Each structure stands twice: as structure tokens, then as C-alpha cells.
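A.B. asks: Sequence first, predicted coordinates after that:
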Amino acid sequence: MRERILPSHPPLAVLCLGQLICILDISIVNIAIPSIQRELALAPSTLQWVVTAYVLAYGGLLLVGGRLADYFGRRKMLVLGLACFTLSSAAGGMAPNAAMLLAARAGQGVGGAIITPTVMSFVAGLYREGAERNWALGVLGAVTGAGFALGLVLGGLLTSTVGWRWVFFINVPIGLFVILGASWLRRETARDTRPVNIPGALLATAALTTLTYTLAVTDRYPLLSVQIVAGLAAAGVLAALLIATERRAPTPLIPAELFSHPPLLRAMVGAAVFGAITGPSTLFLTIYLQDISGWDAFTTGLAFLPQEAAVFLAATSAGRLTTRYGTRNVLAAGMVAFAVGSLLLTQIPAEGGYLQAVLPGLLFIGLGIGTVSVAGSIAATEGVASLQHGIATGMWNTGNQVGTALGIAALSAVASARTTAFQTMRQGSEAAAIVAGYRAAYAVALVFAVLGILGVLTVGRLVTSRGRAVVTR
């Protein structure tokens, strides 16, 4: 479909680069964390906030970021998000202490929460629904998928050569280039001029931030501890207040019809399962390859390259397959790939290794990532009014963030419980106990994938059977 993209359309490369730096920053910093800890003398309790500060701001503000893009215009919000992300990256690279570093990470999260839904809604709004938009979102999905592996490789390379501060500084020239490139975009998009529901926006942010934080600290407190139960209860109360506020608001933050739109609901199911599997999978395999197999950070980053080749292959094909078979079927196929990958990873050897189970598992997980990311982004805007693309893509990305937080919490708890039981029975070495925990966690990931298959195949039919929206694809 390249020949159908007219010069008046935005340069897709600019939008892809804007999304790339958000994805790049997730993995590139993770690799550098041990070096950051040594130089800034971070306590273990502070160290996790290098990741958590970004996740809280990013996950908590995605809905609001998407709605603001609809209200103020996508080009304007893209530039604002990029400026916030770029300045925060520069501050992170210069951080002399933990406080400035964590503030910079939160600032990056705020910028990312604006950039991600804005970029996706920009692409969806400026390419015609159907084959043309599917191709464009396929390109965006391929770049997004490749960005994670690129971050792992760059993180290891930069940290081992010029130092960890360059994992932040590298975002500055990219961010400035994309800000300048925004001038190539055509005039500002149409805006949804209805007032933003400020109380709803505040409650949505508070509820999502509370939930994300509570799930993020499950490694510090037992699941049934007062801290976790209180956090989940607080998130539930805030969510109930949000629902009540949205029902009374003349212009709700999330239009009611989106909750009964089958393609968007399928996309959110896919996004949640995507996050619940890929987030913990990457975390466990990174630790496994370094602590069990004895690989260094750079080699570990390289180990993920075959997965990203699979992501690229699947993403570049998913748009065409979606045009032919529909989002529901392609999302289900992606869930099947996640299931096969999770099943293979339940066989990782206790003595370490790569070719036996890790590589095949990575390849199937990669196929699932590329397929679900593209089909999900297409489904999130399929049949949605252009003035609601921002909030729709914000909902889709929020599903991914909540799924990631929930998956890491649940699978880490399963892995820890199994490891403890293994050690109690004294069935083998410490490494064998850790690997037994990972195998149990991947078995739960397999269950998530199966539930995902059932979810994307049935959610549209359940909504339609109630007399709501009828969407065939």
C-alpha cells in the first residue's frame, strides 16, 4: 500500500520515532540498573523506583493523554509530550542523586503517556480505515516491537562503553529530531471541542496509579498483607467513584459507547494478556540468562534479537492478514503463539542454556508480540469516530500497562512460592529451585494465553447478544 500514501500525509517515520523512544526507554534503563546503583549508591528499596516511577506516571496518565490529544489536537500534544520526554531524559543523564533521577523517570513517564496514544491516534486518523491504515499500523507495530530489543542491546553497549548516563542522553537527539519533524506533519488534526471531564480525569489517574503501585510492590509485601489489600481496596473505591462521576458527567472522559464496541474490547483483552505474558517473560529470562546461564548484560541483550526478528516478521504481515481475516481471528492467532511460547518456556533447563527451550520460546513469544500489537492497534480504532481515536488508543494502552503490572505481580508470586517449596523439600541446588519457580510461572502464563484466546473469540459475541453494537470484524 505504499503507493497510496500521499505527500500530504504525515511522514510515518516521524511518528514511528516518537513511539520508538518510549519503548526504547523501558528496556534500555533496565539493563543499566546495576551500574546506576553502584554510582549513585542506591539502596535496594530505592532501586526499584527507577522502574516504578516511570511505570506509575506512564500507566496512570495514558487515558488522560489520549483524551487531551483528542481535545487539544494531536500535533500540539505530540510536541508537548516529546518536549517533556526529552527534557526529562537530559535531566536523568545529569542526575547527581536518586531524587533527581526518580523525578526524571517520572517526567519521562508523563511524556510517554502523552506520546503513545497521540502517535497511534495520529496514524489512525490520517490513514483511511482498511488496508491503508492496517499497513501503517503494521509499520508502527514493527518499529515498536523492534524498539524493545534495540533497548536491550543499546543499554548493554552504552553502559559497558560510555557509561549508564548515555542510556538517557541518547533520547535527547532523537527527541529533538522528532520535534523538528513534527513540522512536516500536515496542519493540526480536527479536535473534539467538548470539555474534558476534569473530575473523571483526576479519578482515572488516581485509580490507575494506585492499582499500578499496589501491584508493583507485591514483591515487598505478601499478597494478603494489609498494604496490598488496602491498596487494592483504595483502587476499587476510586474506580467506583470514577464510574459514578462518568455517569453523571455531560461529557464523560470515556464515551459510554466505547464500552460496548466489540473490536475495542477485544483489543483490550489482547493488550492485557500481551502485558501479562511479555512483561514477566522478559524479566525472568533476563535474570535466567545472567544468573543461571552466566551471561553478561550485552550478551543477554543480543539473546533477544531472534525474538525481535520474529516480532518484525509478524508485525509486517499482521496488517495484511488483518485486512483479509479480521482483527478477531488475527488476535486469536497471536494468543495461540503466546500459548506455545509459554509452554516451551516451562521446559527451560535448570543448568542454564539457550537453544533447547529459551530460543524456541522467544521466537513464539515474538510472533505473538508482533501479531497482537498490530491487530490490537487496528481493532482499537476500528469503527471508532476519528475524534475518539485518542481516548480509544489510550484505553488500549492502559489495558497493556495494567496487564503487565498484574502479570509481573501474579507470576512473580507463583515463581517465589514454587522456589520456596522446592527449597523446603531440598530437591536440588538454589539454581534448580529458582528455575522451578520460573517453570511454574510460565505454566500460569500459558493459562493466561488460553484465557486470552477465549476472550478475543467471545467478547464481541457477548456484547452483540445483548443488543449492543454489531461489528463483524
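C.D. replies: Arrived safely, thanks for sending. Residues are numbered from 1 along each chain as shown.
A.B. asks: Would you map out the domains in this structure?
C.D. replies: For the chain, automatic domain parsing gives the domain ranges 9-196+253-464, 197-252.
A.B. asks: Could you identify which of the ones you listed is most buried?
C.D. replies: Mean neighbours per residue, mean count of other C-beta atoms under 10 Å, is largest over these for domain 9-196+253-464, with a mean of 21. Placement of C-beta: from N, CA and C, glycine included.
A.B. asks: Let me have the domains of the chain in JSON lines, adding mean pLDDT as columns.
C.D. replies: Output for the domains of the chain, formatted as JSON lines (pLDDT from 0 to 100):
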{"stretch": "domain 9-196+253-464", "mean pLDDT": "84"}
{"stretch": "domain 197-252", "mean pLDDT": "85"}
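A.B. asks: Which element, helix or strand, includes the residue lying closest to Leu137 once chain neighbours are set aside?
C.D. replies: Using C-beta to C-beta, 6 or more residues apart in numbering and skipping the chain neighbours, the partner closest in space to Leu137 is Ser377 (4.7 Å). In this structure, Ser377 is located in helix 358-381 according to DSSP states H and E.
A.B. asks: Then Val229?
C.D. replies: Using DSSP H and E, Val229 sits in helix 226-248.
A.B. asks: Any chance you could list what contacts that helix?
C.D. replies: Residues from elsewhere that reach helix 226-248, judged by C-beta atoms under 8 Å, 6 or more residues apart in numbering: 197, 199-200, 203-204, 206-207, 210-211, 213-214, 217-218, 221-222, 252-254, 256.
A.B. asks: Tabulate the CA atom coordinates of it in CSV.
C.D. replies: Taking Å, rounded to 0.1, in the frame of the first residue of the first chain, the C-alpha atoms of helix 226-248 are listed here in CSV:
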residue,chain,number,x,y,z
VAL,A,226,-2.6,-5.0,55.0
GLN,A,227,-0.6,-2.9,52.5
ILE,A,228,-1.7,-4.9,49.4
VAL,A,229,-5.3,-5.3,50.5
ALA,A,230,-5.6,-1.7,51.4
GLY,A,231,-4.1,-0.6,48.1
LEU,A,232,-6.4,-2.8,46.1
ALA,A,233,-9.4,-1.6,48.1
ALA,A,234,-8.4,2.1,47.5
ALA,A,235,-8.1,1.5,43.8
GLY,A,236,-11.5,-0.2,43.8
VAL,A,237,-13.1,2.8,45.7
LEU,A,238,-11.5,5.3,43.3
ALA,A,239,-12.8,3.2,40.3
ALA,A,240,-16.3,3.2,41.7
LEU,A,241,-16.2,7.0,42.2
LEU,A,242,-14.9,7.3,38.6
ILE,A,243,-17.9,5.3,37.3
ALA,A,244,-20.3,7.4,39.3
THR,A,245,-18.7,10.6,38.1
GLU,A,246,-18.7,9.5,34.5
ARG,A,247,-22.3,8.5,34.6
ARG,A,248,-23.3,12.0,35.7
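A.B. asks: Check the offset of the next helix-or-strand element following that helix from the chain's centre.
C.D. replies: Following helix 226-248 in sequence order, the next helix or strand is helix 262-287 (DSSP H and E). Between the centre of helix 262-287 and the centre of its chain there are 8 Å (C-alpha atoms, centre = their mean, to the nearest Å).
A.B. asks: so how far is Gly59 from the residue nearest to Arg105 when sequence neighbours are not counted?
C.D. replies: Using C-beta to C-beta, 6+ apart and skipping residues adjacent in sequence, the residue nearest Arg105 is Ala53, 4.1 Å away. Ala53 is 11 Å from Gly59, where distance means C-beta to C-beta, to the nearest Å.
A.B. asks: Now do the shared contacts for these two.
C.D. replies: Taking C-beta under 8 Å, 6+ apart as the criterion, Ala53 and Gly59 both touch Gly109.
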